[in-house]
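Asker: quick one, what's the 3D model for this:
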Amino acid sequence: MGAPGWARATGVAGIAVVAVLTFWGAWDRRWIADDGLIVLRTVRNLLAGNGPVFNAGERVETNTSAAWTYVVYAFSWLSGVRLEYVVLTIALVLTTAAVTVAMIGTARLYAGRAVLVLPAGALVYIAAPPARDFATSGLESCLVIFWIAVLWWLMLRWADRRVENPSTALVLVIAFWGGLSPLVRPELVIVGGLALLMLVVATSGWIRRGAVVVVAGLLPVGYQIWRMGYYALPYPNTAVSKDAGGAKWAQGSTYLWNLVGPYALWVPAVLVVVAAALAATRIGPGAARRGEAPSGLAGLVSRIRTPSAVVVFALVSGLISTVYAVRVGGDFMHGRTLLPALFLLLLPVAVVPIPLRRGIVALVSCVALWLGVVVWAVFAATTTGMPQGTTVGRSGIVDERAFYSENTGHRHPILASDYLDYPRMRAMVQTIENTPDGGLLLPSAQFTYWDVVPPPLPIPEGGDEHVVYFLNLGMTSMNVGLDVRVLDQMGLAYPLAAHTERLDNGRIGHDKNLYTDWVVADTGMVDVHPFLPFYLDEEWVEQAQVALTCPETQELLTSYRSELTRARFVQNFKHSLDLAGYRFDRVPKYEIQRCNLEMPPERPAS
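Answerer: All right, here's what the predicted structure looks like:
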């Protein structure tokens, strides 16, 4: 016998309340991060007809989520609204939808049973401040949890044991959605891959299985072929810049505790698990259909398409995602890269059942545990996880939203123009206006001044290009025209920097740092004093010019700067794996030695 009408109405009301709280919480902490503005620079180039690039004429994939880039582009093109407002709107809608769909999906586990479902895991997720911080950061976090929530809901529909065989349409929709995982974010292939494996094993008939594989792989494989030919890499340039395949277990453990510790996340985890266990005994998901259970391979297949198996899928995916995030060292933003794993682990308890016909003890116990979750949520939502989060300490982790809010003077920095109040930004814009001949802008120690290395004579009519070399790519690139080339020493938009060797014990996410001498050499600016800033050495610049002639480095530069012909596309595709693994020494002298090049003669002492 199912739940009475009042219980169903209360459950729906609970889901609606949490949806409203999700929207309000995201709105209350609305902002767009510097990294979020990086995405918008690519969208600007797409809208201008320059292609999916960061700098016109340089095929570099600076955004980790290809799907997020094109979602923002599509809605920007359709609406014509200012990009920052488009992103803010999409983020609010997707975040609210993700939490709502997750709760609706989990409620299916208890459909037709005499229980009252109340929000629990969903409440835990939105109570964690980082979840609300990155709801509207301009990054793909909102799309990631939306994709996970929809996959969860689809998988539970597929696993419904009241249906003898799921429809082919449902199976193919799941296959398509699961296949999007590497496009939403590369490491989500862990989640999508497990879901597709379950789907293939549990689907009867080789024709249907083949259809699952084709539908799942058509878009991501097609994009992968295009990416390797266009960008000359098998994955986004961000993975090269951050050496995403490397291991930093100690830093990752610090990052995990940086999220779990301040908010005592283990407390709600225990409470919701115990509540679910108490309520679900003998009425838990995945009860087999009546009759003798099949044995052998048929039995295994039968057990895969059950709600219990989908619950295990979510938990295993969450655990593997956590381990991966810890292995690579986490991130420099408080909690960000652990949010998908947290969301996955909370899915099975997004709502918890309160038994109505199990006796007063079970009822009171479950209600008390649920109230404990609510009390914890109030505590977590009002806790400052990193009191000194605006300072880059030994861990390298910061409260990114608080950092930029403090340093721009805006409580909700959303527009690119808000970041003009960040140190050096107004001075950068003014310096570009004051140098019509062009040049290379380098940040000086003074926040109100930029060093400019001029282009060589003769200056072309209308001036030469401006190049800005600065770490904060988003605020920089979104406050200048598309004709201004913006590069960074970490290599997110500058493959020359991305392919340097990783710095030992460097700050996580910032452990590449290309010396400025390389940029002077690469851009062809004047390489002698007094045109060079005093802190640059003429010999180092000359050595960098020689080092740039290394054949492997020239191949790298050609792969993304040369005209994209059919022959270039094929060449890029063939060598993309080799180029992805190519690294060189950031010290020009050592790079000359590595490539067996001839050292330039020493310049006479002045």
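
Asker: distance of the closest residue to Gly138 other than its chain neighbours from Leu487?
Answerer: Sequence neighbours aside, Gly36 is the residue nearest to Gly138 in space, at 1.9 Å (criterion: Cβ to Cβ, 6 or more residues apart in numbering). Where you see a C-beta, it was placed from the backbone N, CA and C, and this is true even at glycine. Separation of Gly36 from Leu487 (Cβ to Cβ, to the nearest Å): 19 Å.

Asker: low-scoring stretches of the stretch 151-300 of the chain, by residue?
Answerer: 279-300 (pLDDT under 70).

Asker: again, but for the chain
Answerer: Scanning the chain for pLDDT under 70 picks out the ranges 1-2, 114, 279-300, 604-606.

Asker: just the helices in the stretch 451-600 of the chain please.
Answerer: 473-477, 495-498, 516-523, 538-547, 551-561, 566-581, 588-594 (DSSP state H, counting those that start in this stretch).

Asker: now for the fourth one, which elements pack on it?
Answerer: Counting contacts by 3 or more Cβ pairs under 8 Å, 6 or more residues apart in numbering; DSSP states H and E, helix 538-547 is packed against helix 516-523, helix 588-594.

Asker: and of those, who's closest to Val124?
Answerer: The closest of the helices and strands packed on helix 538-547 to Val124 is helix 516-523. By Cβ to Cβ, the value is 46.2 Å.

Asker: list the helices and strands that closest one packs on?
Answerer: Helix 516-523 packs on strand 439-443, strand 466-469, helix 495-498, helix 538-547, going by 3+ Cβ pairs under 8 Å, 6+ apart.

Asker: format those as TSV; extra columns: distance to Ala341 and mean neighbour count.
Answerer: Below are those laid out as TSV (distance: least, Cβ to Cβ, whole Å; neighbours: other Cβ atoms under 10 Å):
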stretch	distance to Ala341	mean neighbour count
strand 439-443	36	24
strand 466-469	35	24
helix 495-498	26	24
helix 538-547	41	20
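
Asker: Ile32: which of these is closest?
Answerer: Here strand 466-469 is closest among the helices and strands packed on helix 516-523 (Cβ to Cβ), at 19.8 Å.

Asker: tabulate the helices of the stretch 451-600 of the chain (TSV), appending distance to Ser65.
Answerer: Formatted as TSV, the helices of the stretch 451-600 of the chain follow (distance: least, Cβ to Cβ, whole Å):
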stretch	distance to Ser65
helix 473-477	15
helix 495-498	18
helix 516-523	28
helix 538-547	33
helix 551-561	20
helix 566-581	18
helix 588-594	33
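
Asker: now do the helices in the stretch 1-150 of the chain.
Answerer: All helices of the stretch 1-150 of the chain, identified by DSSP H, counting those that start in this stretch, fall at 5-28, 34-47, 66-79, 83-107, 121-127, 129-133, 141-158.

Asker: other SSEs contacting the last one?
Answerer: What it means is helix 141-158. Packing partners of helix 141-158 (3+ Cβ pairs under 8 Å, 6+ apart): helix 66-79, helix 83-107, helix 168-179, helix 181-184, helix 189-202, helix 307-327, helix 339-346.

Asker: for Leu457, which of the ones you listed is the nearest?
Answerer: Of all the helices and strands packed on helix 141-158, helix 83-107 comes closest under Cβ to Cβ, at 38.2 Å.

Asker: list the buried residues in the closest one.
Answerer: Of all the residues in helix 83-107, those buried under the rule 16 or more other Cβ atoms under 10 Å are 83-84, 86-88, 90-92, 94-107.

Asker: so Gly192 sits against Gly178, correct?
Answerer: Yes. Applying Cβ atoms under 8 Å, one finds Gly192 in contact with Gly178, separated by 4.3 Å.

Asker: those two - which one has more neighbours?
Answerer: Set Gly192 next to Gly178 and count neighbours by other Cβ atoms under 10 Å: Gly178 wins out with 27 against 24.

Asker: if we can go back for a sec, of the helices and strands packed on helix 516-523, which is nearest Leu154?
Answerer: The closest of the helices and strands packed on helix 516-523 to Leu154 is helix 495-498. By Cβ to Cβ, the value is 36.4 Å.

Asker: which strands and helices sit next to the closest one?
Answerer: The contact analysis (3+ Cβ pairs under 8 Å, 6+ apart) places helix 495-498 against helix 237-241, helix 516-523, helix 551-561.

Asker: rewinding a little: of all the helices and strands packed on helix 141-158, which one is nearest Tyr235?
Answerer: Here helix 181-184 is closest among the helices and strands packed on helix 141-158 (Cβ to Cβ), at 8.6 Å.

Asker: contacts for the closest one, please.
Answerer: Defining contact as Cβ atoms under 8 Å, 6 or more residues apart in numbering, one finds that helix 181-184 is touched by 65-68, 140, 143-144, 147, 188-189, 191-193, 219-220, 223-224.

Asker: over to stretch 511-526?
Answerer: In this structure, residues lying in contact with stretch 511-526 by Cβ under 8 Å, 6+ apart are 241-243, 439-440, 442, 453-456, 467, 469, 487, 489-491, 494, 496-498, 500, 502-503, 506, 527, 531-532, 536-537, 540-545, 547-548, 586-588.

Asker: what of stretch 549-566?
Answerer: Here stretch 549-566 makes contact (Cβ under 8 Å, 6+ apart) with 57-60, 230-232, 495-496, 499, 547-548, 568, 571-572, 575, 579, 582, 584, 591, 594-595, 597.

Asker: would you write a ChimeraX line that selects the buried entries of those residues?
Answerer: The following ChimeraX line selects those of those that are buried, judged by 16+ other Cβ under 10 Å:
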select :58,59,60,230,231,232,495,496,499,547,548,568,571,572,575,579,584,591,595,597
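
Asker: burial of Ala48, as a residue count?
Answerer: 10.

Asker: need the contact list for Ile190.
Answerer: Taking Cβ under 8 Å, 6+ apart as the criterion, Ile190 is in contact with Ser317, Ile320, Ser321, Tyr324.
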